[in-house]
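> task: produce atomic coordinates for the following.
(chains A, B and C)
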Amino acid sequence: MASDPKVQITPEVVAKVARLARLNLTPEELVRTTEQLSGMLEHFHDIDQLDLSHVSPMPQPFPLKNILREDVVAPCLDRQEVLDSAPAAEDGRFRVPPTIGFDV
Amino acid sequence: MSNASSAPTHATVLPNGWQMVIGLEVHVELDTKTKLFSASPNRFGDEPNTNIDPVTLGLPGALPVLNKHAVELAMRLGLALNCTVQASTFHRKNYFYPDLSKAYQITQYDQPLNIDGYLMLPGDVRIGVERAHLEEDTGKSTHFGGTSGRIHGSDYSLVDFNRAGVPLVEIVSRPDIRTSDQARQYVSELRSILLCVGASDAKMEEGSMRVDVNVSVHKPDQPFGTRCEIKNVNSIRAVGKAIEYEARRQVDVLESGGVIRQETRHWDDSEGRTHTLRTKEDADDYRYFLEPDLVVLDPSQEWIDAVRAALPMLPAARRARLATAAGVDKESEAIYVIVERGQDDYVLSVEQSGGDVARALIYVQQAFAEEGAAPKVPAKDLAELIKLEGAAKITATQAKTILAEIVASGGGDAAAIAAAKGFEALDTSALETLVDTVIAQQEDAWNKFCGGEDKAMGALVGAIMKASQGKADGKAATAILQSRKATK
Amino acid sequence: MADSFASVVQLAADIRSGATTAAAVLEQHLARIDQREGEIHAFNLVLQDSARAAAARIDADIAAGKDCGPLAGVPIALKDNMCTRGVPTTCSSKILEGWKPPYDATVVTRLHQAGAVIVGKTNMDEFAMGSSTENSAFGPTRNPLDTSRVPGGSSGGSAAAVAAGFAAASLGSDTGGSIRQPAALCGVVGVKPTYGVVSRQGLVAFASSLDQIGPFSNNVADAALLLEVIAGHDPLDSTSIPQPAPQLQASLTQGVKGMRIGRVTDMPQGCEPEVLARLDAAFAALESAGATIVDVALPSLEFGLTAYYLIAPAEASSNLARYDGVRYGNRVGAADINAMYGATRSAGFGDEVKRRIMLGTYALSAGYYDAYYGKALKVRRLIADDFAKAYASCDVILTPTSPTVAFPIGAKSNDPLTMYLCDVFTIPTNLAGHAAMSVPFGTGAHSLPVGVQILAPSLGEVPMFRVAAELERAS
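The predicted model follows:
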């Protein structure tokens, strides 16, 4: 059912996607986003008419292989410069609100 | 560290015919100079956020570049586990967490570097290794405030990215493990292999080797049960304890009519139990897709062959070689200990100077615990001591004393030390005379011994040793007592 | 128009020879900025102080007889998604407002080494998502040729800066047409190199398998020079082709005799008639110069928009997840980390960015991957295969760059899909990873410039520039 492309995108699905993306949507935004995404996805179903059964995916445009780097240390960033740009820092580290509901 | 079948077993048999099925996922930090995708140092214990660069911090515009030595070590590890090395790709695993600087981890997904290997346990038990792939480590969060110091109820967290980007190999076993003993043996053997090939220092206490345990239970001829993943298992001992607890917990749930939820659980070593961390419903959708900033890794056959050819002799082969030379069981504790310490080459070299390998094995196991893989005592010196004892010129007890002195001094002439201490062993006829004298003197103990009380022998031997002023060899004396008793 | 401003090539020669100074050249450009930047808003940040210091250093070094590089003293503008150490790089987004990178993008380092003077960071659609520069969090850029109209996007500021003479050349980035389309709308030259020819290190990523950096300039020779300076292998970018920069000088005078120019028979509908007329004129000019026109079919081209609007947002949803308020950028505080993420990102991102993140997250999510992202990657292969077949019978292909001339501000901002259609001709090149450039070729409706797009296969920069130079001579 979930992979049936004709299924319209619902506000519940949009809300779940927003949570995955850590975006807060107001109720109005949820409605508007659902409409806009539905409209787009409807348009995007044009590719359903193509026979892709013998086509391999193309995730990258230029076929390079084995790009590697020697195991040699390079100069690091200056910690102070980095922490000065941080929203909150303490004790040489980045400070964040508590991570409730995660594993250690 | 020893794990042979002679070690005390923790494997409890589950009630009512239940059997446990175990799979292990082990993450090891590779011993490279720099991180997996950037050139800042891979070092433990530095000041926070001093080993950072744009890639490590996930700065806008930063791009990953793969560390060649990490690939080499991962291949070494894979080949040592009898894997096939194949062309592989990298994927992004997307989720939000403060110690994950890009909000995705670069890992390997459906095309990992190493596949289809195995590892042998004592008793010729073969555990399949499904895959061993490369991925980057995360940073480290520390949680502050709150009452318990645990994450729940903390006030804030501080994040250090020194560890972010450190190269990891994740080694996934097939669910072929059937007892907690086997699980501990697997981890121990894996660690030995890692140290032997130089891929990682594999210290669980420092986090350079981390073990997640998957446990399920089932009745024979039934399909495997639902499994739970257990995290925070921080020692080999804890691996055994966590499995024992979890298997019994699952049996209890099932026997009382409940069902096992597929979930991740946290091992609490101080309480000796697991508890729920996260159920599958809460789990993130990781939205894996091919990492567009990296290209295919396809090691040439020449490279693979070169890595394979350069592999050192692995622990299993070392144990077999040493056991054959010493004429002992390859799964005996002494063999495991010596190979674990990397002292097997040393023990074998004693033979070149005429020393008996079996005796050397015991000496080195007993006295060389702190000596490391390159003992200071010249093998020749050890061989001389062994020959002296073998010729019955000194007693076993005297030999032990000389051995301790040789080890402490980093060498020594065994014959000279024996002479200086006045060590000599009584020859056979002198010893027989002494034994007969003691038998006559210790009538009571002698009668008890002949009557079947083996404990009385201790008193007899003690008297012989005292009378000989230490020059009687305990084993030889015992043998004479036994033969006197037999011919009585 | 473009003719009234001195070229990069000329300025570099004059500064090198002592006919003028870097300082004098800079002041000319700063004067033009003073005059018109208020109405055009090409820049997020004008760097007059550091530019003056750089120009003074160059002049001193030249006086001392040093060779300061092929671009010594030439004022260049940079799109505000290229990291400049110690200088704010905002991507025209509130979430990065004020953020100063601790490092330079590779292209920035190469420009510095070539002696260029960076005159400012240009305005753009937020995180490069848009075709009009109306999605900037800091206000739109206006087309210098008609300030009631858009300059195109997402590199609208960089295009406008060159069209208005604020900089002798500029750099932009192109993911679905974001250099070529604004170049066409502003009447300047814009180049998207083959994917992998210019390093992406330090370019704030939008869609990693599609993004490329390229130059804007007032003429083809300038674009060639800029590309030679910034292109070539970078070990810090794993997708950088392990080859040196393409050598393009010869192509500028080689002409097109004997070349085969592809004409797409099944082109998408919706072009303004004047745009089509200019395309015809371009074909005629090339034929006069000795090229042959060959009909080619690109049957999958029409599906390029769909493939792009699934692939690009998918990659973007992952690339933009790092903007979480933890390590840099602007944070909105909250009681716990997830609330902080939500509040920070919701306040920091504009509507179009949020929309594309949502679309991309959806296209990748469990249960939907095969139907959307997975399929789109296969459509991408079909398009690449179509091009491969076409290039068996021609050296380059010509199309319009944009279906229309510059449109009024606000005209397309109500329906996202309408805006997406601006890129129908440019998107396929990014999907295939090929090279393409827009060259101004006359005017269309309202006397506004029309751009003709030259498409070439991967590493086809030489034939592409041969045709571009010829069209410029004929225009």
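
> just for chain B, where's the confidence low?
In the predicted model of chain B, residues B:1-12, B:146-153, B:278-283 satisfy pLDDT under 70.

> ok, now which ones touch the residue in it that chain C sits nearest to?
For chain B and chain C, the shortest gap (Cβ to the nearest Cβ) falls at B:Ala103, measuring 3.4 Å. All C-beta spots, glycine's among them, are computed from the backbone N, C-alpha and C. If you count contacts by Cβ atoms under 8 Å, 6 or more residues apart in numbering or on different chains, B:Ala103 has them with B:Gly58, B:Asn94, B:Tyr95, B:Phe96, B:Tyr97, C:Ser318, C:Ala321, C:Arg322, C:Asp324.

> ok, it to B:Tyr97 distance?
With distances taken as Cβ to Cβ, to the nearest Å, B:Ala103 is found 8 Å from B:Tyr97.

> next: B:Glu135.
15 Å.

> same question for B:Leu277.
Separation of B:Leu277 from B:Tyr97 (Cβ to Cβ): 14 Å.

> what's the longest strand in chain A?
strand A:93-96 (DSSP state E).

> neighbouring strands - and their directions - for that one?
strand A:89-90 (antiparallel), strand B:156-160 (antiparallel) (DSSP bridges).

> turn those strands into TSV, columns for mean neighbour count and distance to B:Gly78.
Below are the strands paired with strand A:93-96 laid out as TSV (neighbours: other Cβ atoms under 10 Å in any protein chain shown; distance: least, Cβ to Cβ, whole Å):
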stretch	mean neighbour count	distance to B:Gly78
strand A:89-90	16	40
strand B:156-160	22	30
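
> is chain C within reach of stretch B:163-173?
No: residues of stretch B:163-173 are not located near chain C by Cβ under 8 Å from any Cβ of the partner chain, the shortest gap being 10.5 Å.

> put the alpha carbons of that stretch into PDB.
Extracted C-alpha coordinates of stretch B:163-173, given in PDB (Å, rounded to 0.1, in the frame of the first residue of the first chain):
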ATOM      1  CA  ARG B 163      36.200  10.900  18.200                       C
ATOM      2  CA  ALA B 164      33.900  11.900  15.300                       C
ATOM      3  CA  GLY B 165      35.200  10.500  12.100                       C
ATOM      4  CA  VAL B 166      37.500   7.900  13.600                       C
ATOM      5  CA  PRO B 167      37.600   4.800  11.300                       C
ATOM      6  CA  LEU B 168      35.500   1.900  12.500                       C
ATOM      7  CA  VAL B 169      35.000  -1.600  11.200                       C
ATOM      8  CA  GLU B 170      31.700  -3.200  12.100                       C
ATOM      9  CA  ILE B 171      32.000  -7.000  12.200                       C
ATOM     10  CA  VAL B 172      28.700  -8.800  12.100                       C
ATOM     11  CA  SER B 173      28.500 -12.400  13.000                       C
END
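
> list of residues touching the helix or strand where C:Thr109 lies?
Here C:Thr109 sits within helix C:106-113, counting by DSSP states H and E. Contact with helix C:106-113 is made by C:69, C:71, C:76, C:78, C:82-85, C:104, C:118, C:171, C:198-199, C:201-203, C:213, C:229-230, C:234, C:236-237, as judged by Cβ under 8 Å, 6+ apart.

> got the angle between the next helix or strand after it and helix C:106-113?
Toward the C-terminus, helix C:106-113 is succeeded by strand C:117-122 as the next helix or strand (DSSP H and E). Taking axes from the mean of the first three to the mean of the last three Cα atoms, to 10 degrees, one finds strand C:117-122 and helix C:106-113 inclined to each other by 150 degrees.

> ok, residue 38 - how many residues close by?
Since no chain was named, I'll use chain A. For A:Ser38, the neighbour count with other Cβ atoms under 10 Å in any protein chain shown is 14.

> sorry, should have said chain B
Count around B:Ser38 with other Cβ under 10 Å applied: 25.

> assign the closest residue to it other than its chain neighbours to helix, strand or coil.
Among residues not flanking B:Ser38 along the chain, B:Val55 sits closest, at 3.7 Å (Cβ to Cβ, 6 or more residues apart in numbering or on different chains). Here B:Val55 is recorded as helix under DSSP: H, G, I helix; E, B strand; the rest coil.

> gap between the residue of chain B closest to chain C and B:Asn162?
19 Å.
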